[in-house]
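> Got a sequence here, can you model it:
(one chain, ligands or ions: 2)
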Amino acid sequence: MAELTRVESAARINLRWIVRLRWGAVAGQVIAILLARHLVRAPLPVPSLLAVCAALALANAGVHIWLQRGGRPTDRACALNLLADIAALTALLALSGGRENPFSLLYLVHITIGAVILPARWSIALALASIVAFSALQMLAAHDLSLEAEEPLLALRGRWIAFVVAAAFISTFSLRMSESLRKRGEELDRARSDAEAAERLAALGTLAAGTAHELNTPLGTIQVLAGELAAQLDGDRRGEAEEIRRQIQRCKEIISNMLAPRGGADVEEPKEFEVAPVLEAAVRRWQEGRPGPQPLVSVDPAAARARTRLPVRAFEQAIANLLDNAAEATEGRPARDVRVSLQRVRDELRLTVVDNGVGVPEPLLRRIGEPFFTTKEPGHGTGLGLYLARHVVEREGGEMRVDSAEGRGTSVTLTMPEA
Ligand code: ADP
Ligand code: MG
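Ligands and ions are numbered 1, 2, ... in the order given. Now for the predicted structure:
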């Protein structure tokens, strides 16, 4: 479920956009005020106008900081923000020509934004507020905003600029908004499939624990019988029976580790370690007693001493999983080549395993790393190797990336934050 909290609420996305747009609006207003001084004959109350802009900027900075600190806005907060914008616009218009000011067109921006992002009752409230403000302006004695020269032309130009600004705001906002919402939809999908995956894994864990528990009884019996057998035998035979008893003991230990509440890879505590030596040792251990390609390990000098924080046993297992896959993918191909590299990019470490094996067909690429997804024969693949590798790094804020070209090879990269 932790995954779901990663998804931003729609109201938060909206408010972030309102804040961004408002920065643009404040800048535009200041520029307009400074330019208008040269266009209109009547003296504009520039200090008061700038004071309104400053108040708006200050309020915006407040909202921005609140959002940065993890504030959780509701629709109401978005509506109140838009209402504040309407109030500020009204103040600016009242100070600069009232109904004569072509920028009264900008009420449309707020009405549109409200309509796109808010539930009906709030959008209606915003539209009503705009209408009330606009009507009040109409009643206000028109400020003498007569233009310096060529009056009709300049008035036309003013209206044209106002229109372009309104159109630009509306289209930018709705485009960005739909993009944010689409991304959020994708994130939700991913969170959902991760949650399903975690459920399947939990089910597997329960199954494994049940099986382990069941196995304990027959193993205990075999162990006792092997002990009795050993007592009745002598020489080599006795040694063999003893060996059976020892191996059974080992099986029981493995099982009790599985059943122990803190025994599995999933609950191993992360710890900080130097990556390069752990990587080299893991590759060496994987190679022991195994024919096939020698993986070539290269460590970027910048990464030689780099440290990270992960459950280290699970990390070693992840490396072995990637090497298993690379070895299986290159099996039977001429000039088998498997390379492992460790790089440091900014404050991230990248561990990449590249092979020149069979690769993954494009349509399957998306599913790689899902639990239980395997293309191998039953009994050969569990479909858990990449899932577990991904799980190890993602738990600590890293990620896994798979690139592949069918018939040419595959590269799997584990990215982990540097400690
Ligand atoms: P398994 O190896 O048990 O099938 P994995 O999670 O390790 O499970 O891998 C899942 C699937 O991803 C494999 O069945 C295979 O189709 C594909 N795959 C993984 N690594 C490679 C690789 N290096 N080259 C080609 N295919 C790969
Ligand atoms: Mg595998």
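
> make it CA atoms for all contacts and neighbour counts henceforth
OK.

> Report the separation between the two terminal residues of stretch 279-293.
Chord length of stretch 279-293, first to last residue, is 17 Å (C-alpha to C-alpha, to the nearest Å).

> So what's the model's average confidence on it?
What stretch 279-293 shows for mean pLDDT is 88.

> Touching that stretch from outside, list them.
294-295, 297, 316, 319-320, 323, 327, 331, 336-338 (C-alpha atoms under 8 Å, 6 or more residues apart in numbering).

> Take those and lay them out in JSON lines including neighbour count.
Putting the contacts of stretch 279-293 into JSON lines (neighbours: other C-alpha atoms under 10 Å) gives the following:
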{"residue": "Gln294", "neighbour count": "16"}
{"residue": "Pro295", "neighbour count": "22"}
{"residue": "Val297", "neighbour count": "17"}
{"residue": "Glu316", "neighbour count": "19"}
{"residue": "Ile319", "neighbour count": "24"}
{"residue": "Ala320", "neighbour count": "20"}
{"residue": "Leu323", "neighbour count": "22"}
{"residue": "Ala327", "neighbour count": "22"}
{"residue": "Glu331", "neighbour count": "15"}
{"residue": "Arg336", "neighbour count": "18"}
{"residue": "Asp337", "neighbour count": "19"}
{"residue": "Val338", "neighbour count": "24"}
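
> from those, which ones fall inside helices?
316, 319-320, 323, 327 (DSSP state H).

> What residues does the stretch 301-419 of the chain have near ligand 1?
325-326, 329, 357-360, 368-369, 373-376, 381-387, 410 (C-alpha under 6 Å from any ligand atom).

> same question, the chain
Going by C-alpha under 6 Å from any ligand atom, the residues of the chain near ligand 1 are 325-326, 329, 357-360, 368-369, 373-376, 381-387, 410.

> Cross-reference these with the helices and report the matches.
Those of the residues of the chain next to ligand 1 lying in helices (DSSP H): 325-326, 329, 385-387.

> want to throw these into CSV with neighbour count, distance to Val353 and pLDDT?
CSV is the format used below for those (neighbours: other C-alpha atoms under 10 Å; distance: C-alpha to C-alpha, whole Å; pLDDT from 0 to 100):
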residue, neighbour count, distance to Val353, pLDDT
Asn325, 20, 10, 94
Ala326, 28, 8, 95
Ala329, 21, 12, 95
Gly385, 24, 14, 86
Leu386, 25, 12, 91
Tyr387, 20, 15, 86
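
> Among these, which pair sits farthest apart?
Maximum pairwise distance in those, criterion C-alpha to C-alpha, is 17.1 Å, between Ala329 and Tyr387.

> domains in the chain, as residue ranges please.
Using automatic domain parsing, the domain parsing of the chain gives 7-144, 200-258, 271-417.

> Rebuild these as a markdown table, extending it with distance to Leu175.
Below are the domains of the chain laid out as a markdown table (distance: least, C-alpha to C-alpha, whole Å):
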| stretch | distance to Leu175 |
| --- | --- |
| domain 7-144 | 11 |
| domain 200-258 | 38 |
| domain 271-417 | 28 |
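
> what ranges of the stretch 151-300 of the chain fall below the confidence cut-off?
Scanning the stretch 151-300 of the chain for pLDDT under 70 picks out the ranges 151-157, 159, 257-267.

> which residues in it form strands?
Remark: strands assigned in the stretch 151-300 of the chain by DSSP state E, counting those that start in this stretch are 271-274, 296-299.

> Just name the most buried of the ones you listed.
strand 296-299 (a mean of 16; mean count of other C-alpha atoms under 10 Å).

> how about the CA coordinates for that one, as PDB?
C-alpha atoms of strand 296-299 as PDB (Å, rounded to 0.1, in the frame of the first residue of the first chain):
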ATOM      1  CA  LEU A 296      34.100  -9.600 -17.200                       C
ATOM      2  CA  VAL A 297      33.800  -7.200 -14.300                       C
ATOM      3  CA  SER A 298      34.800  -3.500 -14.800                       C
ATOM      4  CA  VAL A 299      34.600  -0.900 -12.000                       C
END
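
> what helices or strands is that strand leaning on?
strand 338-345 (3 or more C-alpha pairs under 8 Å, 6 or more residues apart in numbering; DSSP states H and E).
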